[in-house]
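Engineer: Mind folding the following:
(one chain, ligands or ions: 1)
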Amino acid sequence: MNKAVQAFLGLGTNLGDRIKSLEQAIQMLSKELGISIIQISSVYETSPVGLLEQPIFYNIVMEISTTLPPEELLGRILEVERKLHRVRTIRWGPRTIDIDILLYGNEIIEQEGLQIPHPRMTERAFALIPLQEIAGDIIIPGIRRSINELIAHLPSDQVVR
Ligand SMILES: Nc1nc2nc(S)n(CCO)c2c(=O)[nH]1
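Structural biologist: Numbering: from 1, shown residues only. Model (predicted):
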């Protein structure tokens with residue numbers, strides 16, 4: 001039995017019934033062997049980052065405890081996205097659900113298709129603010145600034161409420 005690792009997932013959706021998509025993703029992840037959901041942030045309404053001309057996103061961050069190695073965790077996540085009809089059309093475009101691995105213990109992973117900590121999380125209010133809500137004192141491996149400091153330095157155009 002592998003040791004359990006604390007990990008944080010970022011979930012986002014801006015297509016279709018956004019609350020339903022989040023609920024279904026949470027339900028599916030909670031059924032995955034090797035994944036236990038510890039806590040889930042509030043739902044935040046967030047302005048799109050990346051491709052700006054698209055619908056408003058709903059975002060959450062969840063803390064999990066997992067015995068799955070990172071690659072296996074990613075595989076399970078991609079499977080949940082696929083089941084929720086995540087169609088990868090336009091990069092940065094609208095999606096029914098997007099699940100990112102933000103943190104996996106204190107690990108730093110740089111692989112094709114798997115970068116942890118998530119490479120853009122320190123610039124994204126939609127990841128940092130829900131993360132602050134459930135784990136404000138967490139240290140991001142390789143980043144010297146605290147979550148609060150990172151949030152304080154974000155561009156003001158990212159609206160999260
Ligand atoms: N506000 C917001 N903007 C986003 N741009 C992309 S791409 N995504 C998908 C997550 O990488 C999001 C998102 O989840 N929320």
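Engineer: what about the chain, any weak spots by pLDDT?
Structural biologist: Low-confidence segments of the chain (pLDDT under 70): 1, 87-90, 92.
Engineer: a helix runs through residue 150, doesn't it?
Structural biologist: Yes. With DSSP: H, G, I helix; E, B strand; the rest coil as the criterion, residue 150 is assigned to a helix.
Engineer: quick one: it and residue 129 touch, right?
Structural biologist: No. The pair residue 150 / residue 129 is not scored as a contact, 10.1 Å apart, by Cβ atoms under 8 Å. The way it works is simple: take the backbone N, C-alpha and C, and place the C-beta from them, glycine included.
Engineer: and this protein, which residues reach the ligand?
Structural biologist: Residues of the chain lying close to the ligand by Cβ under 6 Å from any ligand atom are 12, 46, 47, 48, 49, 50, 57, 59, 92, 98, 100, 126.
Engineer: mind listing what the second one touches?
Structural biologist: Translated: residue 46. Contact analysis of residue 46 by Cβ atoms under 8 Å, 6 or more residues apart in numbering lists 12, 56, 57, 58, 59, 125, 126, 158, 159, 160, 161.
Engineer: quick revisit: between the residues of the chain next to the ligand, which is nearest the ligand?
Structural biologist: Lowest distance from the ligand to the residues of the chain next to the ligand (Cβ to the nearest ligand atom) belongs to residue 12, with 2.2 Å.
Engineer: Quickly list what the closest one is bridged to.
Structural biologist: Applying DSSP bridges to residue 12 yields these beta-bridge partners: residue 59, residue 98.
Engineer: so it sits right up against residue 98, yeah?
Structural biologist: Yes. Residue 12 lies in contact with residue 98 (Cβ under 8 Å); the separation is 4.6 Å.
Engineer: Show me which of these two is the more surrounded one.
Structural biologist: More crowded of residue 12 and residue 98, by other Cβ atoms under 10 Å: residue 12, with 24 against 21.
Engineer: Contact partners for that one?
Structural biologist: Applying Cβ under 8 Å, 6+ apart, one finds that residue 12 lies in contact with 46, 57, 58, 59, 95, 97, 98, 100, 126.
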